[in-house]
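# Prediction below, plus the sequence it came from.
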Amino acid sequence: MTSLKLSGVALPAAQAGAIDLALRVSDLHADLREELAKDTVLRRDESLARRTTLRVGGPAELYVEPASETDLTATLQFARLHDVPVFFLGRGSNLLIRDGGIRGLVICLAHPQFSRIEVAGEFLTVGAGAALKSVANAARDAGLTGLEFLEGIPGSVGGALRMNAGAMGGWIFDRVSLLRCMDGRGEVHEIPGAEAGARYRGCPLLVHQVALGAVLQGVPAAREEIMERMTASNRKRWSSQPRQPSAGCTFKNPAPDLPAGRLIDELGLKSTRVGDAMVSDVHANFFVNLGGATATDVLRLLELVRQRVREARGIELEPEVEIVGEDLNPT
Ligand code: EPU
């Protein structure tokens, strides 16, 4: 059995490994801190559950909120040099983090530097960290239609671009005229929206690059008309979707005319529970946290529902929520 000697005490391999890892994280933290400006947030062991809408999951080993593109580049180059995995966290609205948390660096573009919204004519230049609701409001204030559907999506521009988020018949890439992103080496690229290859709930380009922002195009319209659409979208959402914490829709719709919510509902699975995770009784494709759910509860519920749908209908449901992180180490 391999062991690490610390102050003359021989430790079992698992414990030694854990100490080894903790020392490495501590070194990485100290080295990275030196490379970053003071106003860039860098923390160890940052709780992430409160940064997700589902409110489950373990911590980030290292958590960074860069205050500038320069610090984002420095962070990405540091990660590459030290072979540290990187995960980008948006507003955590489509995310299921396992109970053991996320190893390596979690980067969140929440600094105001990345959350700007600027309007010029029909175009809105928006940062990845901007809230979708703020984008919808800015478009409304500028008398631009086409972005009303963003109003009720509890996410950030960055996450919405990566997921090609959509609701109420629209999706974000319909409106993207230019996409600004950064690759793993920290280099910035600008790509016309139509060339990003976006499809239902995905954008392949943003699997290996991070969105820094986009230029969205609206269409001039009367403000009253826009407000009416936003109100209708808001009303539909509140009447058809639950208010408890959730990660939005759990599964992708297997086909446009075959919504996962209806499939699950037809099998009588509403209100099915594992621990404090429950299939919503309002919309069956939403799994809600009744208060004390763990990621493990949610994952068990997800498997249970998947299995029932497979057995009853021969359909393989594919998760729409992004599932990341490590299982809890039982030691
Ligand atoms: N339905 C049921 N029972 C349910 C839920 C839905 O019978 O428990 C039926 C509805 O009555 C309706 C059909 O299924 O006839 C579709 O339902 P809904 O209009 O709610 O749309 P959806 O396909 O379930 C999609 C998006 C949502 C988005 C809504 C509203 C996906 C996976 N989901 O849901 O996006 O908000 O449309 O436009 O594409 C998300 O991505 O996280 C999300 C919530």
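Received, thanks. Numbering: from 1, shown residues only.
# Report the separation between the residue in the stretch 101-250 of the chain that the ligand sits nearest to and residue 266.
Per CB to the nearest ligand atom, residue 248 is where the stretch 101-250 of the chain lies closest to the ligand, at 2.6 Å. All C-beta spots, glycine's among them, are computed from the backbone N, C-alpha and C. Residue 248 sits 21 Å away from residue 266, taking CB to CB, to the nearest Å as the criterion.
# Check which element follows the helix or strand where residue 230 lies along the chain.
Residue 230 is part of helix 223-240, with elements assigned from DSSP states H and E. Downstream of helix 223-240, the next assigned helix or strand under DSSP H and E is strand 246-249.
# May I have that next one as PDB, with CA atoms only?
Extracted in PDB, the C-alpha atoms of strand 246-249 (Å, rounded to 0.1, in the frame of the first residue of the first chain):
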ATOM      1  CA  SER A 246     -35.700  23.100 -10.300                       C
ATOM      2  CA  ALA A 247     -33.300  23.000 -13.200                       C
ATOM      3  CA  GLY A 248     -36.000  23.600 -15.800                       C
ATOM      4  CA  CYS A 249     -36.800  20.800 -18.200                       C
END
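# Would you mind pulling the contact partners of it?
52-54, 93-96, 153-154, 260-261, 280, 285-289, 320-321 (CB atoms under 8 Å, 6 or more residues apart in numbering).
# repeat that for 7 Å
Contacting residues not belonging to strand 246-249 are listed as 53-54, 93-96, 260, 280, 285-289, 320-321 [CB atoms under 7 Å, 6 or more residues apart in numbering].
# ok, for residue 78, nearest residue in space, not its chain neighbours?
Nearest non-adjacent residue to residue 78, counting by CB to CB, 6 or more residues apart in numbering: residue 32, 5.4 Å away.
# now do residue 292
residue 276 (4.3 Å).
# if I read this right, the one you found contacts residue 296, doesn't it?
No - the pair residue 276 / residue 296 is not scored as a contact, 11.0 Å apart, by CB atoms under 7 Å.
# distance of the spatially most central residue of the chain from the ligand?
Nearest residue to the geometric centre of the chain (CA atoms, centre = their mean): residue 92, 4.3 Å. Counting by CB to the nearest ligand atom, to the nearest Å, the gap between residue 92 and the ligand amounts to 13 Å.
# what does the stretch 201-331 of the chain put close to the ligand?
240, 248-249, 252-253, 259, 261-262, 265, 283-285, 320 (CB under 6 Å from any ligand atom).
# ok now do the residue nearest to residue 292, which residues does it touch?
289, 290, 291, 292, 293, 297.
# Count the neighbours of the first one for me.
Think residue 289. 23 (other CB atoms under 10 Å).
# For it, which non-adjacent residue is closest in space?
residue 245 (4.4 Å).
# The one you found contacts residue 56, doesn't it?
No - Residue 245 is not in contact with residue 56 according to CB under 7 Å; the separation is 8.6 Å.
# Between these two, tell me which one has more neighbours.
residue 56 (25 against 17).
# about what we covered before: quickly list what's touching both of residue 245 and residue 56.
With CB under 7 Å, 6+ apart, residue 245 and residue 56 have common neighbours residue 289.
# what about the closest residue to residue 60 other than its chain neighbours, how many neighbours?
In this structure, residue 60 finds its nearest non-sequential neighbour in residue 106, 3.7 Å apart by CB to CB, 6+ apart. Counted by other CB under 10 Å, the residues lying close to residue 106 total 26.
# can you pull the contacts of residue 106?
48, 60, 63, 87, 89.
# Now do stretch 97-104: distance from first to last residue.
14 Å (CA to CA, to the nearest Å).
# That one: how far from the chain's middle?
14 Å (CA atoms, centre = their mean, to the nearest Å).
# returning to that earlier point: got a PyMOL select line for the buried ones in the contacts of residue 276?
Entered in PyMOL, the line below selects the buried ones among these, by 16 or more other CB atoms under 10 Å:
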select buried, resi 289+293+297
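# What segments of the stretch 1-150 of the chain are helices?
13-35, 69-82, 132-141 (DSSP state H, counting those that start in this stretch).
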